[in-house]
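Student: Sharing a sequence plus its predicted fold:
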Amino acid sequence: MLLFIKRLCILLLLTMVTQIGVYVALKTILDHKSEFRLSRYFRHPLHQIYILGNSRAVNSVNEQYATQSRHADLINLGFNGMNYQTIKALINDINAKQSNANLLIEITSLLEDKEDDNYAYYMGNSPFMHVQYKNTKYEYLHLMRLNNELFLRNIYYLRKSDADWVNKYTISENLIEETRTLALNDTTLGNRPLLIERMQNIVATCNQHNNKAVFFLAPYYPEYLKKLTQYPALIDTIQSLHTFTFHDLNTLQIPTNGFSDRIHTNVTSSLQISDYLLSH
């Protein structure tokens, strides 16, 4: 019986050591070779302009155009569904590494609170990312950190960069017609107190490190924007506080073919939006 227990303990120990070794080996290769945006950031973290947010931020700012045509030192760290906790961790990481940078944050992303285990992949890259998953299975089972979309993205971008990714879709006539008949929607931009509180926290944190937080609201398809009845009140609240540097991109004249759907722009308008934000 004692021999069995001894062998079992050795097996468990070898299993733990092996899974850590596999994780470290794969992670080391991808951290040094992958051209996925977050891996690029952790490999070369110092930039003058950072874009943060969910898919609306990803689609709004064209990184390749900004860096190559406008010669801006910019990286778009946005990712589909990125939530407030991850944005806060990335902001803390940026603030810990540099000053005199501009952090451009899409504000609807700050209302995203859905748990997202994708970023456990980067636990070892940043103490601020690590905090989100401390004392969870990701702390001890290293291979679990590879069980997500970001791990696959890093593999996919081993031979090419995602800096040139653009949205080439155009909103369909069916979706345009459907949008006209949609009911009014009070929920999308409704939680103003929470949003303002989080914006204030970000500004305070950035100011402590001599970085500037700049907020923007990415464009909605105009017919859909009319359904968001809380939109005027949100804009009035933000502007009346005189606390934030804020750009409402819904004031831009974006043509219909500049949208891919109701809430995302595409490559056509990403040039216009990038020009506007860089000019301001």
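Tutor: Received, thanks.
Student: List the buried residues in stretch 171-181.
Tutor: Neighbour-count burial for stretch 171-181, counted by 16 or more other C-beta atoms under 10 Å, picks out 171, 175-176, 179. The C-beta positions use only the backbone N, C-alpha and C, and glycine is treated the same way.
Student: what is the mean pLDDT for it?
Tutor: Stretch 171-181 shows a mean pLDDT of 96.
Student: Could you list the residues in contact with that stretch?
Tutor: With contact meaning C-beta atoms under 8 Å, 6 or more residues apart in numbering, stretch 171-181 is reached by 221, 223-224, 227, 256-257, 259-262.
Student: Which stretches in the protein count as strands?
Tutor: In the chain, the segments counted as strands under DSSP state E are 49-52, 74-76, 102-106, 212-217, 245-248.
Student: low pLDDT regions in the protein?
Tutor: Residues of the chain meeting the criterion pLDDT under 70: 3-4, 6-17.
Student: okay if I get the strands of the chain as JSON lines plus distance to V166?
Tutor: What follows is the strands of the chain, written out as JSON lines (distance: least, C-beta to C-beta, whole Å):
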{"stretch": "strand 49-52", "distance to V166": "14"}
{"stretch": "strand 74-76", "distance to V166": "11"}
{"stretch": "strand 102-106", "distance to V166": "17"}
{"stretch": "strand 212-217", "distance to V166": "19"}
{"stretch": "strand 245-248", "distance to V166": "21"}
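Student: wait, which of those strands is closest to T268?
Tutor: Evaluated with C-beta to C-beta, those place strand 74-76 nearest to T268, the distance being 17.1 Å.
Student: So which elements touch the closest one?
Tutor: In terms of contacts (3 or more C-beta pairs under 8 Å, 6 or more residues apart in numbering; DSSP states H and E), strand 74-76 is packed against helix 37-43, strand 49-52, helix 63-68.
Student: so of the contacts of stretch 171-181, which ones are in helices?
Tutor: Among the contacts of stretch 171-181, the ones falling in helices (DSSP state H) are 223-224.
Student: which pair in the contacts of stretch 171-181 spans the largest distance?
Tutor: Greatest spatial distance among those (C-beta to C-beta): K227 and N257, at 20.8 Å.
Student: more crowded one of those two?
Tutor: Shown here are K227 and N257; by other C-beta atoms under 10 Å, K227 has more neighbours (18 against 11).
Student: rewinding a little: can I get the strands of the chain in TSV including mean neighbour count and distance to R40?
Tutor: As requested, these are exported to TSV (neighbours: other C-beta atoms under 10 Å; distance: least, C-beta to C-beta, whole Å):
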stretch	mean neighbour count	distance to R40
strand 49-52	24	12
strand 74-76	25	7
strand 102-106	23	17
strand 212-217	21	21
strand 245-248	16	25
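Student: Ok, which of those comes nearest K27?
Tutor: Of all those, strand 74-76 comes closest under C-beta to C-beta, at 20.5 Å.
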